[in-house]
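Participant: return atomic coordinates for the entry below.
(chains A and B)
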2 protein chains.
Amino acid sequence: MGDRGGAGGSRRRRAGSRVSVQGGGGPSVAEEEVRDLTSAPDVGAGGDAPTPNKDGHVDVGSGHWELRCHRLQDSLFSSDSGFSNYRGILNWCVVMLILSNTRLFLENLIKYGILVDPIQVVSLFLKDPYSWPAPCLVIASNIFSVAAFQIEKRLAVGAITEQVGLLLHVANLATILCFPAAVALLVESITPVGSVLALASYSIIFLKLFSYRHVNLWCRQCRVKAKAGKVSGAAVQHTVSYPDNLTYRDLYYFIFAPTLCYELNFPRSPRIRKRFLLRRVLEMVRFGPSGVWMVPTIQNSMKPFKDMDYSRIIERLLKLAVPNHLIWLIFFYWLFHSCLNVVAELMQFGDREFYRDWWNAESVIYFWQNWNIPVHKWCSRHFYKPLLRRGTNRWVARTGVFLASAFFHEYLVSIPLRMFRLWAFTAMMAQIPLAWIVGRFFQGNYGNAAVWMTLIIGQPVAVLMYVHDYYVLNYEAPTVGGA
Amino acid sequence: MGDRGGAGGSRRRRAGSRVSVQGGGGPSVAEEEVRDLTSAPDVGAGGDAPTPNKDGHVDVGSGHWELRCHRLQDSLFSSDSGFSNYRGILNWCVVMLILSNTRLFLENLIKYGILVDPIQVVSLFLKDPYSWPAPCLVIASNIFSVAAFQIEKRLAVGAITEQVGLLLHVANLATILCFPAAVALLVESITPVGSVLALASYSIIFLKLFSYRHVNLWCRQCRVKAKAGKVSGAAVQHTVSYPDNLTYRDLYYFIFAPTLCYELNFPRSPRIRKRFLLRRVLEMVRFGPSGVWMVPTIQNSMKPFKDMDYSRIIERLLKLAVPNHLIWLIFFYWLFHSCLNVVAELMQFGDREFYRDWWNAESVIYFWQNWNIPVHKWCSRHFYKPLLRRGTNRWVARTGVFLASAFFHEYLVSIPLRMFRLWAFTAMMAQIPLAWIVGRFFQGNYGNAAVWMTLIIGQPVAVLMYVHDYYVLNYEAPTVGGA
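Facilitator: Residues are numbered from 1 along each chain as shown, chains lettered A, B, ... in the order given. This next block holds a predicted model:
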């Protein structure tokens, strides 16, 4: 029963730096007690309390009496307290998620048996079992990587000029975006899910090869400068310098590494931690299908909006917002923590910063800068900063980033669904005025709550628009024709 | 798009002391960018990365190129990262709670109209509108406070000896516990809810007067010592010393103050913060009835266990555990943050530490020491430490505290329900072996998850046992007789 969080603790909290160090209960508690008993009576926190530190003449020789046991301090939930260690709340969320998932799983199992039909799952990926367009597309993407590599190889030895190299790279990158889009639109046997996965791989390869070309260009520029100036010193051991990095091994390490930014010498972790890997793999397996259990909830309540009045639409939207948001959160954890860490651990890739503390975001901009670090890093390094260096205005450059991001969102949604509605594009572009509004009117915890609200409400609106239109387009039309 | 959380940020995080300071987006982001551009290229975090800091000879004069953009670091969710600022997750919980409450409220309003019947609410507190036993009991409690005050007054001037004073105090305190229990058991017109509230007030007054007597005793002992030794110095201004504190004003300030531990000079806050008060009052009003909306969920699924097989009971229990847990969390926030802060703000009571960071508890003991600070402080100051000073073994003293706590839990549940089942008592006493098991087998985040699990699962088991038995006793028996 040690008096934890006494004066020292309170001051530590105020600085927001209280690290939770209590161990298994027993020893540390006992230690606290000993300290407590020896330092009693408690005389209030020196710096915190405006009341005098002495109790007047009564206090003389009050060996073991605790005459004072209160001090001036704020509750932890009050923002004035500066306390921010809520690690336990995160654990609570995980426990609640697992519990409700387990219950839902049990209930569904009792009521319906196993819900997931394997044939149905396969049919998400395959329409015609003898035609596998999506995997073929993914395999074909190697051609473009090799092409970029060969261009760089020739540029390095000066076999082609920079202008020709640029032209070839532009042609290569443009093909990377157009070729799969054309296939997805023209080949009938491709499914929307397969199409999304193929287009996502091509987008990733596009970003990676863009970075590959950019960094190699920088290296050549460095080399020219170094030659023009003094002769450079010997290479530091264990690091690769420019022309030596152009190997297939290096290229394919980069292609599979969980990053979009090329670097000659990636930081490497010293070894593969087997327990860490095992836990992440278990999470991958555990959380992967948990989203599936929520699909029936969404499916059940999917009806065309035209049959509903506005109050019903709002009620429906609120009802769908929460499971949709939970699926997104699980997906985030699954992809950005479990999957990317598994890949990184297997490849001994050292930089595990795949996300930052976007959950504390007090502005929309902070959220976009921190939730998806690989993409943010790429945008910042290869798009935003080069634009700034050319003297572009900051807000123009930022709008450019959002435009590019909006383009890719639309690209990944419209082409697989074969529906051009521009809602993903609009949603992304709406972030700029939204950022201004939230930044203008909400501060601190209210700003954070506003960011959460836009996530919980805004995202499902966009998703539902597509799902709704896709449903109407594919399942309603024949019925209307037949009626 | 400033590269937030670079080397400095990462190191700050590692120390667990990252205070979230981003403001309204615009200015601070712009500032970051400027710093970023001037300090580019990024050369890796000096202390963190074992890779060399130089890029070899290619790096010579690489003015504005970011050749390096990765560094060796862990993901934030990994416990190795030491990151613990999840304030945003707390906000998320609040937003989700408000959203789902609003939706539930809307849905109920659409389906059933206003569910809460005012007559029904009143009938929780009153059985017979002409007999108000619970409020009478609460008002009568003043007698005991005044009695304790008069005893102290006489002890201070030496009109009665310490032995007589002790005897009178014991008689007074014993009556405080027995009198309302007798009334609650004998008077027919008292309702369970009224009875709980009355007994709770008496328990609080019991603890307060116990502390009042204890502290005044300490003061007298100090006075004796001070007289025996040297003559004490003049009293420091603005503080009250021993015999002067025995006034009705002081007594009633203590009776209404949100603490159980008496002190001669409570720390006072300088002024009543009106905005703070308003927000807490709004929370009080907002969260108070929100629990009520979950009651139908619980009521609907309340059936006698004897009609069910074991798998059904487990499924039912899991289904009830989550709303029960949420009600408890809302109740905790409502009572310990909103209500006690309102009372404290109105009385300018300075010490707002009504709870500590129990949500991070990694052991059961830590949870019990931190979730209810007024009671914990009382137990530690007036029960546990005095026992230790008399040479009692630490584990015996700790068991004593749990015994006392178990007694009060049982007292507050059994007497109002007029059902003596000893389940609250058993649940409290089960905490000691539970603490041992959790401390022995679970560490760190797993310990925290184990504490959450015992809260989510353990508590509703105890509550449901009482509710179930009460239901069977009061609603089943007549039906069986009539059938």
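Participant: right, is the lengthiest helix in chain A up against chain B?
Facilitator: Determined from DSSP state H, the single longest helix within chain A is helix A:192-228. Yes: taking CB under 8 Å from any CB of the partner chain as the criterion, helix A:192-228 and chain B are in contact, through A:Val215, A:Trp218, A:Cys219, A:Gln221, A:Cys222, A:Arg223, A:Lys225, A:Ala226. In this view, the C-beta of every residue, glycine as well, is placed from N, C-alpha and C.
Participant: I'd like to know which elements that helix is packed against.
Facilitator: Of the remaining helices and strands, those touching helix A:192-228 by 3 or more CB pairs under 8 Å, 6 or more residues apart in numbering or on different chains; DSSP states H and E are helix A:118-125, helix A:133-157, helix A:162-186, helix A:248-256, helix A:373-379, helix A:394-417.
Participant: so which bits of that helix are buried?
Facilitator: In terms of neighbour count (16 or more other CB atoms under 10 Å in any protein chain shown), helix A:192-228 has its buried residues at A:192, A:194-203, A:205-220, A:222-223, A:226.
Participant: and which of the residues of helix A:192-228 next to chain B is nearest A:Gly444?
Facilitator: A:Val215 (39.5 Å; CB to CB).
Participant: might one say that that closest one is in contact with A:Leu264?
Facilitator: Yes: because the distance of 7.3 Å satisfies CB atoms under 8 Å, A:Val215 is recorded as touching A:Leu264.
Participant: need the residues touching each of those two.
Facilitator: For the pair A:Val215 and A:Leu264, residues contacting each of them under the criterion CB atoms under 8 Å, 6 or more residues apart in numbering or on different chains are B:Leu67.
Participant: what packs against the helix or strand A:Phe287 falls within?
Facilitator: Per DSSP states H and E: A:Phe287 is located in helix A:274-287. Taking 3+ CB pairs under 8 Å, 6+ apart as the contact definition, the neighbouring helices and strands of helix A:274-287 are helix A:340-346.
Participant: so what's A:Ala427 scoring on pLDDT?
Facilitator: The pLDDT attached to A:Ala427 in the predicted structure is 87.
Participant: so it is in which element?
Facilitator: Going by DSSP H and E, A:Ala427 is part of helix A:423-429.
Participant: show me what that helix is packed up against.
Facilitator: For helix A:423-429, the packing partners by 3+ CB pairs under 8 Å, 6+ apart come out as helix A:394-417, helix A:459-471.
Participant: chain center to the helix holding A:Phe287: distance?
Facilitator: The gap between the average C-alpha position of helix A:274-287 and the chain average comes to 18 Å, counting by CA atoms, centre = their mean, to the nearest Å.
Participant: quick check: buried residues in it?
Facilitator: Using 16+ other CB under 10 Å as the test for burial, helix A:274-287 gives A:Phe276, A:Arg280, A:Val281, A:Glu283, A:Met284, A:Phe287.
Participant: avg pLDDT for that helix?
Facilitator: What helix A:274-287 shows for mean pLDDT is 86.
Participant: who's in contact with it?
Facilitator: Defining contact as CB under 8 Å, 6+ apart, one finds that helix A:274-287 is touched by A:Ile330, A:Tyr333, A:Trp334, A:His337, A:Ser338, A:Cys339, A:Asn341, A:Val342, A:Glu345, A:Leu346, B:Ser78.
Participant: mind listing the helices for the stretch 1-150 of chain A?
Facilitator: Along the stretch 1-150 of chain A, the stretches classed as helices by DSSP state H, counting those that start in this stretch are A:7-14, A:26-39, A:87-112, A:118-125, A:133-157.
Participant: and the angle for the fourth one with helix A:133-157?
Facilitator: Yep, that's helix A:118-125 we're talking about. With axes from the mean of the first three to the mean of the last three CA atoms, to 10 degrees as the criterion, the two stretches helix A:118-125 and helix A:133-157 enclose an angle of 40 degrees.
Participant: could you give the average pLDDT over helix A:118-125?
Facilitator: Along helix A:118-125, the predicted local confidence has a mean pLDDT of 72.
Participant: can you tell me how far A:Phe441 sits from chain B?
Facilitator: Noted for A:Phe441: a distance of 9 Å to chain B, by CB to the nearest CB, to the nearest Å.
Participant: near that residue, how many other residues are there?
Facilitator: A:Phe441 is flanked by 11 other residues according to other CB atoms under 10 Å in any protein chain shown.
Participant: ok, the residue nearest to it when sequence neighbours are not counted - contacts?
Facilitator: Sequence neighbours aside, A:Ala450 is the residue nearest to A:Phe441 in space, at 8.0 Å (criterion: CB to CB, 6 or more residues apart in numbering or on different chains). Shown in contact with A:Ala450 (CB under 8 Å, 6+ apart): A:Val438, A:Phe441, A:Phe442.
Participant: tell me which element A:Ala450 falls in.
Facilitator: Using DSSP H and E, A:Ala450 sits in helix A:444-453.
Participant: how far is that helix from where the chain is centred?
Facilitator: On CA atoms, centre = their mean, the centre of helix A:444-453 falls 18 Å from the chain's centre.
Participant: now that helix against helix B:87-112, angle please.
Facilitator: 60 degrees.
Participant: buried stuff in helix A:444-453?
Facilitator: A:Asn445, A:Gly447, A:Asn448, A:Ala449, A:Ala450, A:Val451, A:Trp452, A:Met453.
Participant: now do the closest residue to A:Ser100 other than its chain neighbours against B:Gly458, distance only.
Facilitator: With CB to CB, 6+ apart as the measure, B:Val322 is the residue that lies nearest to A:Ser100, at 6.4 Å, once sequence neighbours are left out. To B:Gly458, B:Val322 is 14 Å away according to CB to CB, to the nearest Å.
Participant: kind regards, and thank you for your time.
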